[in-house]
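S.K.: attaching a predicted model along with its sequence, questions to come.
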Amino acid sequence: PTSGSALRHASAMPPVFTYFPMAGRGFALRVALGAANIGAQEVNIKYPELVEKRGPKGYSPEYPLGSLPTLKLDNGITYCQSLALARWAGKKTNLYPKDDDVAIVVDECCDCVEQLLTKTPQDPDDAVKKQKREEYAANVMPRFFELFALRMEQSGGPWYCGAELTLADLQLYSLVSMIESGMFDHVPTDYVSSRFPGISEHCKKLVQHPLVVAHGKLS
């Protein structure tokens, strides 16, 4: 079998980040890779192309779970799961804190964002889906956004964990941008701004941060 050391030195290729041409779950990784300044390349594909590329099984070594984002490293292996990839890149910058007491706040926020996204109700019947989404927005989503607001208050700002921008800010922005862009069917696009204006303003401030200005746009 090939040793870990051999794998690490098998190729001099820069990391290749593959995602859809949007912010979404790839936004934090996009910014973190840019901030890390490791020469990462971004490849944007659309969903029909993903379906074709991942093959008849719906997944392949290049698309391990059949979803995006993915990150191919210089060992030639392609990895998946947006949070794992964002943490990998974040650890090469100050976006993922070295202080465990701050890192737990980042991890809590990132995992909450992912939980909120993955638990969003689905249904083939649009009328049923609408009812489920409205109930979700009324009864489930507030507990997450109230927690986000609480953590921001506890940190003292100006960012989610205090003085420094972290993956938590980027992940929260990705969630809010999905809602505001209408990706959450049957959830009002002004859901955050009308109910949690502090979080909405936080996200508006984030897009002006130098790292986001430099690296947050599609390549």
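M.R.: Happy to help now that I have it. Numbers count the residues shown, from 1 in each chain.
S.K.: next structured bit after the top helix by length along the chain?
M.R.: Using DSSP state H, we find that the single longest helix of the chain is helix 100-118. Counting by DSSP states H and E, the next helix or strand C-terminal to helix 100-118 is helix 126-139.
S.K.: quick check: angle from that following helix to helix 100-118?
M.R.: 150 degrees (axes from the mean of the first three to the mean of the last three CA atoms, to 10 degrees).
S.K.: tell me the helix or strand right after helix 126-139.
M.R.: By DSSP H and E, the next helix or strand past helix 126-139 is helix 141-155.
S.K.: list the buried residues of that following helix.
M.R.: By neighbour count on 16 or more other CB atoms under 10 Å, the buried set for helix 141-155 is Met141, Phe144, Phe145, Phe148, Ala149, Arg151, Met152, Ser155. The way it works is simple: take the backbone N, C-alpha and C, and place the C-beta from them, glycine included.
S.K.: same question for stretch 33-52.
M.R.: Going by 16+ other CB under 10 Å, stretch 33-52 has these buried residues: Leu33, Gly34, Ala35, Ala36, Ala40, Glu42, Leu50.
S.K.: I'd like those residues laid out as TSV, including pLDDT and secondary structure.
M.R.: Shown next, in TSV, are those (pLDDT from 0 to 100; DSSP: H, G, I helix; E, B strand; the rest coil):
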residue	pLDDT	secondary structure
Leu33	97	helix
Gly34	96	helix
Ala35	96	helix
Ala36	95	helix
Ala40	95	coil
Glu42	96	strand
Leu50	97	helix
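S.K.: next, work out how far apart Trp192 and Val113 are.
M.R.: Slight slip there: residue 192 is Val, not Trp. Counting by CB to CB, to the nearest Å, the gap from Val192 to Val113 is 13 Å.
S.K.: no, scratch that, I was asking about His215
M.R.: 19 Å.
S.K.: burial measure for Gly55, as a count.
M.R.: 13 (other CB atoms under 10 Å).
S.K.: next: Pro210.
M.R.: Count around Pro210 with other CB under 10 Å applied: 9.
S.K.: what do you get for Ile77?
M.R.: 14.
S.K.: over to Val192?
M.R.: 24.
S.K.: for Arg195, give me its contacts.
M.R.: Applying CB atoms under 8 Å, 6 or more residues apart in numbering, we find Arg195 in contact with Pro142, Phe145.
S.K.: still on that earlier bit, list the buried ones in the longest helix of the chain?
M.R.: Val102, Ala103, Val105, Val106, Asp107, Cys109, Cys110, Cys112, Val113, Glu114, Leu116, Leu117.
S.K.: how about the nearest residue to the fourth one, chain neighbours excluded?
M.R.: What it means is Val106. Ala168 (4.5 Å; CB to CB, 6 or more residues apart in numbering).
S.K.: nearest spatial neighbour of Leu65, chain-adjacent residues omitted?
M.R.: In space, Leu65 is closest to Cys80, 5.1 Å off (CB to CB, 6+ apart).
S.K.: who touches the one you found in this structure?
M.R.: Cys80 neighbours (CB under 8 Å, 6+ apart): Tyr63, Pro64, Leu65, Ser67, Pro69, Thr70, Leu71.
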